[in-house]
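>>> Sequence and predicted structure, then a few things I'm wondering about:
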Amino acid sequence: MASRRDPSRNNTSVRRLMIEFLTQMEHSQRGAQDGRVSAATADAAARMDFVTIEQPVGVVRERKPPWLKVRFPGGENYIRLKNIMRQGRLHTVCEEAHCPNIGECWEAGTATFMILGDTCTRACGFCAVKTGRPRALDRLEPMRVANAVREMGLTHAVVTSVNRDDEADGGASIFAATIRWIRRLSPGTSVEVLIPDFMGNWGALETVMEARPEILNHNTETVPRLYRRVRPKARYERSLELLRRAKELDPGTVTKSGLMVGLGETKHELLMVFGDLMDAGVEVLTVGQYLRPSAKHLPLVRYYHPDEFARLREEALALGLRHVEAGPLVRSSYHAERQVASVRYGKPGLRTEVVPTSAPTESLWRGQGFADGFQGKNVASEMKHRLP
C-alpha cells in the first residue's frame, strides 16, 4: 500500500531550503568582500540585496543610536490614561517593562494591561518587571480592567501578565475572566492576550482558549541557543508546543509570537525560528531591538540598523508569515490594532467578527456568582458593594 505524504512536512522542507539559501547567499556576500568567491556569485548576492547581519562580538557600550531616541511622555491623553490606571489600581506592561513606546501609544489612547499583579515568579535576564514572591490573586482585577477598557473606548484591548508559577493554573482563570468581562462591558472590542507558558499546563491553556480571544500571543523571545541565559525557566520547545496547541484548540484565533534581537543571535538562527513558528501555525510576528533595562540585566551585544529590520521582515514574510512588525522600537503589542485587522480579514477559517457575549453571567467568573445588570460607569466600585 502506498503511503501518504504529509503536506506539512513538504512545506517545512521547502522553508528549510529557503533558510539555507538565504544564509548561503549572505555568506557569499561576505566571501566576495574578501575575494574568496567568483564574481558571478558576488553579483548574484548583490542583486538579492541582502542586509548582512554579522555575528556579534563583545558588548555595546556606546550611546543609543539616533533611531532609538523617543519623545518624553507627558501629553494630555497620556496623563488621562495614567489617571485611569491609578484610579483602577491597574498595572500596565508599558510602565513595568519600561517600554520606549509608552508616550506614543498612550497619547494614541492604547495601553497593554498587565494582570496577576506586578511581581513575577521568574527572573528572566532581559526583563525589567520586578521579581519575588507575589501577593494573592486579585479576583476583582478582571472587572477593573474591563471598566478601564470601556472608559478608554478601546476597539482592541491587549492583556498580558507576569508569570505566576505559584498558582496551579498559572493565572489562566484570571485571563479567561478578564476576556469575558471585557466582552460584557465592551461588546465591540476585540481582545488579544499575551500569555506565559503556564509551565506546560495544557489544561490552563484550554481555560484561556475557551474564552476565545481574537489573538493569542506567546513570545519565544530569542533563539534556542540563548534560552538558558535569556529565559532560564522557559523551554523553546514548550513555547512552540503552546502555540501549536492553541491553534488546534481554536483555529479561528490568530496566533502570534515575538522575538528580541541584539543578544548575540545570528541571522541563520533567527530564520530557523521564523520557520519553526510557521510550522506551529503562527500568523503574526514581532521583532524588536533588545534594550538593556539596567546594569543588572543581560548586556546588549549590538544594535540592529532599521534596514536590517526591514530585511528581516521581508524574509519572514517570504517564509509564509502573514503579518510582520519589525523595527528598533517594535514590541509585542506595538500597533496591535493594525495587526488584528490585517490578519483576520480575508483568510478562510479566521473569525472576522468579535466574539459575541451570549454566555450567562456566571461564566464571566465561574464559581463566584457575580450579579447581573451593572449599568453604572464605575463597575468595579459597584461590584465591591454588591459582592456577598
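That came through fine. Residues are numbered from 1 along each chain as shown.
>>> Specify the local secondary structure of residue 288.
Look at residue 288: counting by DSSP: H, G, I helix; E, B strand; the rest coil, its state is strand.
>>> The closest residue to it other than its chain neighbours and residue 69, how far apart?
Of all residues beyond its chain neighbours, the one nearest residue 288 is residue 330 (3.8 Å), with distances taken as C-beta to C-beta, 6 or more residues apart in numbering. Where you see a C-beta, it was placed from the backbone N, CA and C, and this is true even at glycine. Distance, residue 330 to residue 69, using C-beta to C-beta, to the nearest Å: 16 Å.
>>> and residue 313, that's in a helix?
Yes. Read with three-state DSSP, residue 313 is one of the residues of a helix.
>>> ok, it touching residue 326?
Yes. Using C-beta atoms under 8 Å, residue 313 is in contact with residue 326, at 3.9 Å.
>>> Which neighbours do these two have in common?
residue 287 (C-beta atoms under 8 Å, 6 or more residues apart in numbering).
>>> Residue 248: what secondary structure?
Strictly by three-state DSSP, residue 248 counts as helix.
>>> Residue 313 and residue 326: who's more crowded?
residue 326 (24 against 19; other C-beta atoms under 10 Å).
>>> Any idea what the closest residue to residue 332 other than its chain neighbours is bridged to?
Nearest residue to residue 332, sequence neighbours excluded (C-beta to C-beta, 6+ apart): residue 258, at 4.7 Å. Residue 258 has the following beta-bridge partners by DSSP bridges: residue 286.
>>> Tell me how many other residues surround residue 258.
So residue 258, with other C-beta under 10 Å, has 23 neighbours.
>>> can you give me the strands for the protein?
91-92, 112-115, 156-161, 190-194, 215-217, 254-261, 284-289, 323-327 (DSSP state E).
>>> Check which helices and strands the fifth one sits against.
The contact analysis (3 or more C-beta pairs under 8 Å, 6 or more residues apart in numbering; DSSP states H and E) places strand 215-217 against strand 190-194, strand 254-261, helix 336-344.
>>> Residue 287 is in contact with residue 325, isn't it?
Yes. Contact status for residue 287 versus residue 325: in contact at 7.3 Å, counting by C-beta under 8 Å.
>>> Find the residues that touch each one of these two.
With contacts taken as C-beta under 8 Å, 6+ apart, residue 287 and residue 325 have residue 313 as neighbours in common.
>>> gap between the residue nearest to residue 275 when sequence neighbours are not counted and residue 190?
Nearest residue to residue 275 in three dimensions, chain neighbours excluded: residue 15, at 4.4 Å (C-beta to C-beta, 6+ apart). Distance, residue 15 to residue 190, using C-beta to C-beta: 30 Å.
>>> what's the answer for residue 182, then?
9 Å.
>>> Among those two, which residue is more densely surrounded?
For residue 182 versus residue 190, neighbours defined as other C-beta under 10 Å are more numerous around residue 182 (29 against 25).
>>> one step back: how about the strands of the chain, which one is nearest residue 177?
strand 112-115 (9.4 Å; C-beta to C-beta).
>>> Counting by contacts, list what the closest one packs against.
Counting contacts by 3+ C-beta pairs under 8 Å, 6+ apart, strand 112-115 packs against strand 91-92, helix 93-96, helix 141-152, strand 156-161, helix 172-185.
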